[in-house]
Every structure is written in C-alpha cells, then in structure tokens.
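In: Would you be able to build a 3D model of this:
(chains A and B)
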2 protein chains.
Amino acid sequence: MEPAQRVTDEQLKELFPDLPSGPLDKYRQKASFDWRRLKLVYETLNTIKLKKQIWNFMESHPLFQHSEVTPTLDEERHIAVKRMYTIFNEKFLPLERIAEDPRLFQAETEAMFMFDSSLAVKVSLTFRMFSNMLTGSGRSHHLPIVEAVENGEIGGCFALTEVSHGSNAKGMRTTATYVPETRQFVMHSADFEAAKCWVGSLGKCATHAIIYAMLISKGTNHGLHSFVIPIRDPKTLKPYPGVIVGDIGEKIGLNGVDNGFVMFNNYAVPKAAALDKLGGVDDNGDYRSPIRDPKKRFGASLGILSGGRVHITSISTNYLVKAIVIAIRYSAVRKQFGPENAAEEMPVLEYQQQQLKLLPHLATTYAMKLFSVWLGELHVTITINNMMGVEDPSAAARGMELHALSSGAKPLLGWAARDAIQNCREACGGHGYLKAACLGDLRNDNDANCTYEGENGLLVQQTSNWLLGVWPRRHGAEHITPLGTLKFLHNADQLLKERCPWNTVGDMIEPKNLIQTYKWLTTFVLKMTYEKVSKLKSAGKNNLEARNESQSYNAITLSLVYAENYILNHFYETSAKFEDAACRNILLKLVSLYGAFLLEKHLATLYIGGYFSGEQGLLLRDGIVQLCADIAPHAVSLVDSIAPPDFCIKSVLGRSDGEAYKHIQNNIMSYPESMSRPSWWRDVVHWRSYVPAKL
Amino acid sequence: MEPAQRVTDEQLKELFPDLPSGPLDKYRQKASFDWRRLKLVYETLNTIKLKKQIWNFMESHPLFQHSEVTPTLDEERHIAVKRMYTIFNEKFLPLERIAEDPRLFQAETEAMFMFDSSLAVKVSLTFRMFSNMLTGSGRSHHLPIVEAVENGEIGGCFALTEVSHGSNAKGMRTTATYVPETRQFVMHSADFEAAKCWVGSLGKCATHAIIYAMLISKGTNHGLHSFVIPIRDPKTLKPYPGVIVGDIGEKIGLNGVDNGFVMFNNYAVPKAAALDKLGGVDDNGDYRSPIRDPKKRFGASLGILSGGRVHITSISTNYLVKAIVIAIRYSAVRKQFGPENAAEEMPVLEYQQQQLKLLPHLATTYAMKLFSVWLGELHVTITINNMMGVEDPSAAARGMELHALSSGAKPLLGWAARDAIQNCREACGGHGYLKAACLGDLRNDNDANCTYEGENGLLVQQTSNWLLGVWPRRHGAEHITPLGTLKFLHNADQLLKERCPWNTVGDMIEPKNLIQTYKWLTTFVLKMTYEKVSKLKSAGKNNLEARNESQSYNAITLSLVYAENYILNHFYETSAKFEDAACRNILLKLVSLYGAFLLEKHLATLYIGGYFSGEQGLLLRDGIVQLCADIAPHAVSLVDSIAPPDFCIKSVLGRSDGEAYKHIQNNIMSYPESMSRPSWWRDVVHWRSYVPAKL
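Out: Numbers count the residues shown, from 1 in each chain, chains lettered A, B, ... in the order given. The predicted structure is shown next:
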C-alpha cells in the first residue's frame, strides 16, 4: 500500500481530471483544500485505480447504460442478471489480490453499489457469500461445489429467515431429518409459515441454496444446522421434484434482486449436503462436533454471518454519499430569495436552515466513510488470517468486541443514512420528489439496511448485552477491548465524577473536548442501564423481563452511544494524523460538527446526568450553527472529493457540472411520450362513454 | 349534526358489523372500551354514512378493484382518470350539503384518500380547486367556465410554481403583457426555467389552467396575478398553438397524478382571462384594484391558497392512520421469542421496544385526527361565511391566526406522519419491506406533503414571523387570538418564573400538568427566539440576516412547539368532554402519551430554560414507557376504531382478520409468474452466449 504522502499531485490530476466548469465554480474556488488530495484520507492508489477500472468498463458497456423509464419488475431482474454475469466474467478482483491488499474488497463492492445496488447484491449473494459459507462451514467434499460457482456453472443463495421467523433463529421450523438406511437427509417444511423466505437470488435464479434447518436424528433435534441443497436443475432452471420455489414479488426497493421463498416436501438429499464442519451426524446418525457446548456451536455457526453487518456499514455509506452529493450540489446552484434589491438571489446553501439540514450529515458521511473502510479492512484481514490459520491470542476477545461493535454500528449507520437521505430529499424541495432526482430510490434501497442481516432493534441488544457483561469487570480489564472501543472504561468511576468545564462555544466544540464529553456519556449510559437492569432483577423480574424492560432510553441508547463514541474517536484520530495541513484542517472541522451534532441528540441525558448545567447546551447548539457556517463554503469541494462519477450519480440534480435545470429540462423533454397526447385521450374527452349518466 | 350521545349501540352495530374472528380476538377482548363508540369523538352519523356510501360504491365497482401488479406510469394515470370521472359522476356530496354540514367535505376527501391518494388528488385538482379559484378570484363572466367544469366538459389545474422558482413567488418569471389594441394578454415564458412546473393534472389531461404570471401593462410590472388560460382543445386534447405542454415524468409517489409543465410562446388570450376580482387592468391598460396596498393584495391573492395547507393536515393523517393500523395489527399477530420453555412465543407488541416504536405514534394519530377534523371544519365554515358575506368583526385577526396555525401545523403533521410511517415500516420487519405491505407507498405519498403547498421549512417561518410580531403585544391582547392558540400569553412573564413542581411519574404525565409544561415551553421558546433576533439586530444585522440566523434551534422550534401546544390542548379538551367514560379514559391516556412524547423531544430545552432540574427528565421518560405498557392491551381496538375497510387498507399485514401470514402466502403465490421460470432463463443457464469468455 502506497503511503498517502507519496502520491503526487500529478498522479491525482491524471486520475481525476478537472470537473466541468459551470455554476459550481464559485464554490469550488472557495475551498481551502485540494479535493483530490482529501481522497487519500480513506483511499489508496490501488483502491482508486480499481474503482476507476470498473467504472470505465461499465460506462463503455451497452448493458450498463441506464434506461430512461423505470423497468418492469421482470425487466429489472433480467438486466441485473445479465450485468451480474458480465461483471463476474471480468474477475476484476481475484482472491489473491484481496489477500495482498484487503482494502480492495470494499473498493470493488463500492464500485458496484455506486452504480446499482441490485447488481452489487446479486453478485455478492450468487457468488461471494455462497462460496464463503461453503468454505467456512463445509468440508473438502464441498469444494467441487465452490469450483462450480467459481466457474459460473451454478448460482447460490443463502436461506435462514422463514416466513414467520426472522430474528428468532432458534424458532425456525424447517427440518432436516437424517435417515441412516439411505444416508440421506429429508428436508421438510411443515407449512407455509416454515417456508424459507426473503432469500436473495432464489426467486428466479439460484440453483443451490444454503438452507438452515433443524437437524433431527434418532428422534433428537440437534438445533439449527446448514445444508447445501440443490434447488433447480442448472441446465433447465426448473425446480427439482419436492421443491416448491418462487419469487416473493415486488419490494420497496432493490427490485433487481429476485428474493424468493422455498418449501420442501419431504425432499431427500445425500448426507453430503450437510455443511458439518462445526457439527453433524455420522453415518449412523450419532451427533458429533468439535465444539461440545451447543450454545457455543450455535454462536460459532451464526458468527460466520457477521460479515454481512460489516458489509452493510459500507452499503449505507455508499447510499448516503450519493444523496449528500446530490443535495449539496443542487443547494449550491439553486437560488431563492435574497437581500432586497440584490441583482441575484442567494444559493439556498447560504441559508442557515439549509446548512443545518445538510452539513451535519455531510460530516456524518465522512465519519461513516472512514469508519466503514476501517471496519471492512479489519474484517477482511481477520477472515484471511483465520483461513490461513494465523495464531492470535487475542482472537476470541477481539471477535466478541467486533461482534458488539458491528452489531451497534450496522444499525447506527443504517439509521444515520436513513435520516440523512430523508433530509437530502426534503432539502431538494419539489424537484427532489422527481424520480430522476434519485433520492427516492436511495431511500428505498437503504431502507432494507435497517432490517436485513439482523433487524436493527434486535441487533443493538447484542451490543448492550456485551457491554452490560463488561461493566462489572471494568477495572483493569484492557484485554476485553483489543480494538480499544472501551479503552477509557478502566477509569470509569473517576470519569463519572467529571462535570463539563467548558464555557465558550470554542471550547465546547474542540474535538478533544467533544471526545471527552462522549467518554463521560458512554460511561454514564452504561452505568445507568446496568443499574436499571439490576433494579429490575432485584424487584423479581427474570432475565427476559429485565432485559425487555430496560431497552428504551437505556440499552438501545447505550448501544448507539457506544458505537458513536468509537466512530467519533476513529474519525478524530484518522483526521488528526493526515499529513496535508489544509485537508487536516477541514477534516477536524467535520469532526467537531459530527461530534457536536451527535451530542446534541443526547443533550437531555447530559443534563440528567449532571454533566451539563445552566446554559451549556446552548453553547453546543451555537457551536453546531457556527461550524455549519464555517464549513458551507467548502461543502461543494467536500462532496466533489467523495462523489462517484456522474454516470453513477444519475440524478438530474447532482451532476458535477451543476447544470441542474438543464438536466431537468433534458430529462423531462426526452421522457418517452412526455409531450404527446396519451393513447387513452378519448377516455378524458368522452368519459361519458364508460360512465353512465345519472338519471 | 346528531350529538354523539344520541347515537345508539344498535345504530353503530348496524354500521359496523363485528370484525372477523381470528388471531386478533385475544387483544380485542382486552379492550376496556367500545371501539365503535370511540369513533364518535371525531365522527358523526353523517360522516360515517357518507364514507360508507362511497366505499360501498367503490368496492362493488369494477374500475376500483386493485391490481396485483404495479401498473406502468401510463396505466396508473389512465386508471386514475377513469376513476376520477366515475366518482365525479356520482356527485356524492353536492355543494349545498357541505353548507349544511361542513364536516362532510373532509369525510368525502378522506374516503377517497383512504382508497387511493392519486384519485383523491385528481378529483380535487381537476374540479374543486379550479372552481374555487375561479369563484374566489374571478368575476361573473367566468361563471360559464365554472359551469363547464361542473359538467365535466373541461378539466382544470393550478399553476404557480416554476422550474426555478417555487417558494419565492415574487421571483416568478412568466409574463402576461397587456396589449390594449387587441384587448389581449400575451402570455410568455422567457426560458425553460420560467416554465410552470409540477402542475398536477396538467401533464396529460387539463384543458384549462389557472396561471400565475407577472402582469405587465404600459411597461410596468404590477406583480403576480392569476389568469385562466385555455391549454388544450377539450374536443381533441391537443395543445393550442403557442402552448408547449407536457408531463414531468415519474415521481417518488402519487404517480396516478399527471404533473406537468407548460411554457408559453407569445400566446395571446382575451382580456377576460384575467381573474381580476382583486385587481387588474382596464381596457386601456391602467391598473385598478379594490385593495390599494400591493403587499396586501399579494397577501389576499395568496391567502386563497391556505385551504391547501388545511387539507394537507388531514391528508397526512389519512396516510398515518393506514400505516399505524397495519403496524399494530401485524405486531399483535407476529410472535417472536418469549419466556424460556413457554408453549408459545410472545406477540411482538408485548415488547417494550416495539411499544415505544409504535404507541406514541398511535397517540399522535388520534391527536392529528381530532385536530385535522376541527381545522377542516373551521376552514370550510369560514369559506362558506365569506362566500355568503357573513359579517364578522374578528375575521381579520382570525384569518391571521389561522394562517399562522396552519403554516405550523401542516409541516408538523407532515413530519409526524413521515416519522411515524417510517417507524411502522421498520416495526414490521422484513415483511414490512414487501410492496404488498403498502408501507412504502404510504411513505412515498406522504413525502410530497413535506414539500407541496408551501415547503415545510419555509412555511414554518410564516408562523414564527407572526409569533415574533405578537410577543411585544402580549399583554392584554386577547383580540390577537380569537382561536385561542395563544390564550396563555397575556400571563407570559409570570409563567416563565415557574419551575416544574412534579416529582413523581404520575404527576408528570397528568394531562393538565403536561399542558402546563407546554405553556411554559412555548412561552420560553418564543421569548428566546425574540431575544435572539433582537440581539442579531443590535449587532447590526438587517432583517433578512437576523431572520436567517435565528432559524435553527429557535424560530423553527418555536413554530413547531406552538402548533404542538395547540394540538395537545385541543386533544385534551375534546377527550375530556367526551361523554362515554370508558372511551374518555383511554383517550386521556393517549393525551398523556402524546404530550409526554412531544415534550421528551424538547427535554434539553426544558433543562436549558431551568424548568426541569435534577432527574425530572427521567420521570418523563419513565412515564412514556409506563403509558405505552398501559395502552398496549388496547392498541388493537384503538386501531380498529380508526381503520378504514380492508378494501382500503390493502396491506397483506394489516387486514382486520389478523391473518397476516395467510395473506402473505396468498399474495406471493398468486403474484403473476411467481412460481414459473422467467422467460429469460436461458440468460442464466447460457450466460456465455452474451458474455464473451476472457482469453
């Protein structure tokens, strides 16, 4: 990996030619930093080049041209499949290059998501996730299946959720009953509610599925296990007898992905279908596992899925990047009102209200970008080390911490993107409601991030449960936190005695001070939640009740504050060490805004806990307003730095030339039949022909 | 209007037969009140009967059957038009019945919106809004046009917004230049940015448009005036020469409505096109107006539009009703997890987190419902009195107060619906992401409410400007507030000295105490904002700057708090006087939850202002949690009471029989081609045929 400081201005200019001159020039001239160089806070030459290669390929390929009209559901799925195989065939990123440079994994995914989310999801589900599961949970006799996927001969999918069971994996009802006489498993779904459901790529395409089912042998239910099950004949794409498979129909978004359902009617498969590395039956049907404790086995089997959560932090970030680019560019060219008798109206970005609506989310975008790149790289590195059998004494502790962090960060980032995209939509006013503005699609696609790979509300419980377990062990327990997400906790009791000492806006929004406040807040909410649970238990509540009754304003807040705290710290540390002074300066402003914006949402708790008093909260609010005003002149260059090519932005409002109105005109005028009389015009003029007159 | 107490149980049972027995029975049996009787808090026998009549008509009419598959844009518009004329032809609500019972107006609109938002918008734009404008701004020679609309011979639309000007009406650039020689106006659009845009019903259908244009005569620009302009030939639906008209294409939602644009190329129309009741030119081109002050004239001309805002408070409510019905019914039948070794899992509605996600929004739904019914009735009554020339000495003051209240309430309710619908979507988990759950459509349709008829962010400035003007006149100024939205203000200085005296959860959530707290909050934020503006002006800022720089955390909050305060008071007063004790009891619980939920969002400000201290904020939060637990057993009956028929709910998750999984199954299995091989299956199996192998 090339250190950022060695990348020359010439290299950057070659990779990123000047943006088109136009209405955005005024803002671009105001920027105090080089938008190209700023990229290096989260990019490397390698990631930049890989993305460029993929985007260039797409832009010059007929299959990757955008259609003017929303395709039908069937068309959308069809084009996603063709694009998927086209991308697959290019093999932009062979496995060995990921091992050399783990950041490339996310860069490739980003390139696909920025172009089209359905394409990216299809590629990931059909090939990557399926192969990873086989490699992670299967054994050597499964390798031919992995090879068949890698040759594009078959296509996979992953089936855990059932119609009536999503979050509660233990309640799943699909069964795999072992029959020693035939050495087969008989797969069965008792009813439609036990059907596997929401399985991406299963609706129309997959030939094989990884199915989670209750393994039953000799009358004993050994719990949820995974199996690789042939679903459709790869030569005809027709389902095998005993398999009832179909498409679940239209969704709110991501409609290029054919989510499906499958039911089994006593469908027999060879014993080798079991992905039994972590446990399974022998030929006689006796259960064997290298992990004795069923709870640990269940945990290890689900732990393999944590990659999904890590992945979603960057998916949310990708959607948010597009939305904020669109909204800020448009706000810089849209003019409305202004001083009386002024020659020109003012760009709406100059208004305080618009700044507050957008700029905290711009800061959030940078925080999320830096964090998700770091988390993705960490996860890929850990996965590779695991595969290579690298010994690491802190692996178990780090695994748990990573589980807690990703279970808090995935909901946090999905929700942050949700709120930011909505603000971007509204900040673009009427034209933001055009389908061609693309903000509606971003919202619809991101919406899924709040639900899949662990429903947000349930996922945050994973984080809070871990934190509540850590609290009594907080003294001298650095080994709990190899990633450092809790490195301040040994000092918790001292920390809680602190009171906010800052009494000017400047002090209040200093990054180090915001970080100090966040430490206090995280510790306070952790202690408050712990005491709440203890109180409930003392009052005779059982575990389930105590956990249930301590969620609102306690455990949920705890998980989010914990993740926010880490992301803020990470944002600060990465920014503070960036070598280019001009870039560092603007990054630290964004750190301040991000931290202050987050804290403002917890302002009441800062008062309740006694950390804030009097009018200190006003200082924080004034600080946010001031930071927004400081950052506004640089906002266009800040989005230029993170923006994908116009080809990916698609939006009529957000192109790099800033010619929003011209693109609107072009889009409206060239929309098929926009200017012609509807074919059904007679039903307007002669409506009496189908509506009988009332007597 | 029949007083509620005179409606018998027998009448109610006849109008509302028992709901289908099934999984929701358990909850229904828990309700402490009669869900039918609860309707009478906002319904009358008249409104109930009218809605039933309309819904029965729709349900039995072939054109009003829902399609399984999302129609194309063109199909969606076509069906909306056919339904529009069909409804129009029925004349469910003749004008004279509205005069007898003003509530019927909103009941009719509700019936249409609950079925399909596009239909309702089309009917309203094509007939109602167009006629109202002609009657309000036109003169006797315009009556034949009104008659032609009433006979369905022509169709209208309303064009104010331009491509580059929405909120800033004074910046509009369409011109109407008077030519005395020909006694004509020449309509002209300088360029595409001056095109009228987003005009509902103009894209494909309208024959006539009300156009706002700068009236120019003898070289003088007299400002924005309205004109009724022929756009398309009613016999052929072809545009007239000089008119460039078209459709703006697909939107995020409301796609049955054909929003359009129009440009004029020196298009001459007779002088009679001017809707010049409030001002215009004489035959010579000299300007005459009954209102001398151009500012007042402009205000009066735009004042006619306030009906739109009033209307949107109930549109938002309708969307929210559907969403909350869907989410609560589904949460009552969806079971997940539960006590260890329990025979059955627990309905998710029993979990604290789910309750907090939904029940505050259920309380909000009731608050919005009651408020929007009241506001709608008030507005219709005022309009009718105006038309009939009823003398009213407080008319001017009430007009201004209503303008301020509706300008705050429209954004507040649109945003409340936005947040609630999103929570409902997420609370329904994966299946909530199905298009057939209908939550995505509700979100997409409601999204427009945040933008049209006054962009929310700008609209709230109308409210705060009025409030800031009132503050210095607060002493003994009851005549400012004939509607009573500020009746506590004369006592402001005393009020601000109060500190929260409640130290138990019970006291904290008592409706009267919450209302007292809200009075303090509203006054505090008003004073704080006033002082902020004064300080900015003292520091040398001009009016525009001072207003701009006092928006965030001040003026915007002020407008919303003011509207919240009134809606909370109205909710309380309406509930407290409802005669049925069981209904009253649950309503007052909802009032408490609504008030506490709203206040919690302003908790930091309560501390900053010194009204709260110590841990009082925790009492408020505990109160919310406790109220949710108290209300949960009644939640299903609370939504039964406000739910439209299943035929309108549409969602697979929200039907009154509670059989969510059966409806999901039915929907998935019967979705066209859900179980068949895609026509493009060869592009999966033989993908090499279109993707060349890499060498």
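In: and A:Leu496, how many neighbours?
Out: By the criterion of other C-beta atoms under 10 Å in any protein chain shown, A:Leu496 has 16 neighbours. For every residue, glycine as well, the C-beta is placed using N, CA and C.
In: Could you do A:Ala693 as well?
Out: A:Ala693: 6 neighbours (other C-beta under 10 Å).
In: any idea which element the nearest residue to it once chain neighbours are set aside lies in?
Out: Excluding the flanking residues, the one nearest A:Ala693 by C-beta to C-beta, 6 or more residues apart in numbering or on different chains is B:Asn89, at 7.5 Å. Assigned by DSSP states H and E, B:Asn89 belongs to helix B:73-90.
In: Give me the below-cutoff pLDDT ranges for the stretch 151-300 of chain A.
Out: Per-residue confidence for the stretch 151-300 of chain A (pLDDT under 70) gives these ranges: A:295, A:297-300.
In: per-residue confidence at A:Phe337?
Out: On pLDDT, A:Phe337 comes in at 84.
In: what are the phi and psi angles of it?
Out: With angles defined as degrees, to the nearest 10, A:Phe337 sits at phi 60, psi -170.
In: Of all the residues in the helix holding B:Asn89, which ones are buried?
Out: B:73-74, B:76-89 (16 or more other C-beta atoms under 10 Å in any protein chain shown).
In: And chain A, what are its domain boundaries?
Out: According to automatic domain parsing, chain A comprises the domains A:158-303, A:461-642.
In: want to try JSON lines for those domains, with distance to A:Asn46 as columns?
Out: Listed next are those as JSON lines, based on distance: least, C-beta to C-beta, whole Å:
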{"stretch": "domain A:158-303", "distance to A:Asn46": "29"}
{"stretch": "domain A:461-642", "distance to A:Asn46": "18"}
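In: For the residue most central in space within chain A, give me its contacts.
Out: Geometric centre of chain A, nearest residue: A:Ile312, 2.4 Å, by C-alpha atoms, centre = their mean. Neighbouring residues of A:Ile312 by C-beta atoms under 8 Å, 6 or more residues apart in numbering or on different chains: A:Lys410, A:Leu413, A:Gly414, A:Asn449, A:Tyr452, A:Glu453.
In: Run through those and flag the ones next to chain B.
Out: Among the contacts of A:Ile312, the ones lying near chain B by C-beta under 8 Å from any C-beta of the partner chain are A:Tyr452.
In: nearest spatial neighbour of the residue of the stretch 251-400 of chain A at minimum distance from chain B, skipping sequence neighbours?
Out: With C-beta to the nearest C-beta, the shortest gap between the stretch 251-400 of chain A and chain B falls at A:Ile252, namely 3.5 Å. Once flanking residues are discounted, A:Ile252 sits nearest to B:Gly440: 3.5 Å by C-beta to C-beta, 6+ apart.
In: element containing the one you found, please.
Out: B:Gly440 belongs to helix B:439-447, assigned by DSSP H and E.
In: Give the rounded mean pLDDT of the longest helix along chain A.
Out: In chain A, assigned by DSSP state H, the helix with the most residues is helix A:352-388. Averaging pLDDT along helix A:352-388 yields 95.
In: Is chain B within reach of it?
Out: Yes: for helix A:352-388, a contact with chain B is found by C-beta under 8 Å from any C-beta, at A:Gln352, A:Gln353, A:Gln354, A:Leu356, A:Lys357.
In: so how far is that helix off the chain centroid?
Out: Relative to its chain's centre, helix A:352-388 lies at 9 Å (C-alpha atoms, centre = their mean, to the nearest Å).
In: Which helix or strand lies directly C-terminal to that helix?
Out: With secondary structure assigned by DSSP H and E, helix A:352-388 is succeeded by helix A:395-427.
In: Flag the shaky bits of the stretch 1-150 of chain A, pLDDT-wise.
Out: In the stretch 1-150 of chain A, residues with pLDDT under 70: A:1-5.
In: Contact residues of it facing chain B?
Out: Taking C-beta under 8 Å from any C-beta as the measure of proximity, the stretch 1-150 of chain A contacts chain B at A:69-70, A:72-74, A:77-78, A:81-82, A:85-86, A:89-91.
In: Show me where chain A has its strands.
Out: Taking DSSP state E as the criterion, chain A contains strands spanning A:158-159, A:175-179, A:184-188, A:196-199, A:208-217, A:220-230, A:243-247, A:260-264, A:267-270, A:280-281, A:287-288.
In: Same list, those strands, but as TSV with distance to chain B and mean neighbour count please.
Out: As requested, the strands of chain A are exported to TSV (distance: least, C-beta to the nearest C-beta, whole Å; neighbours: other C-beta atoms under 10 Å in any protein chain shown):
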stretch	distance to chain B	mean neighbour count
strand A:158-159	13	24
strand A:175-179	18	21
strand A:184-188	17	22
strand A:196-199	5	26
strand A:208-217	13	23
strand A:220-230	14	20
strand A:243-247	4	21
strand A:260-264	6	27
strand A:267-270	16	17
strand A:280-281	25	24
strand A:287-288	22	14
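In: Quick one: closest of these to A:Trp471.
Out: strand A:220-230 (30.3 Å; C-beta to C-beta).
In: I'd guessed A:Phe115 sits against A:Phe64; true?
Out: Yes: here A:Phe115 reaches A:Phe64: they are 7.0 Å apart, a contact under C-beta atoms under 8 Å.
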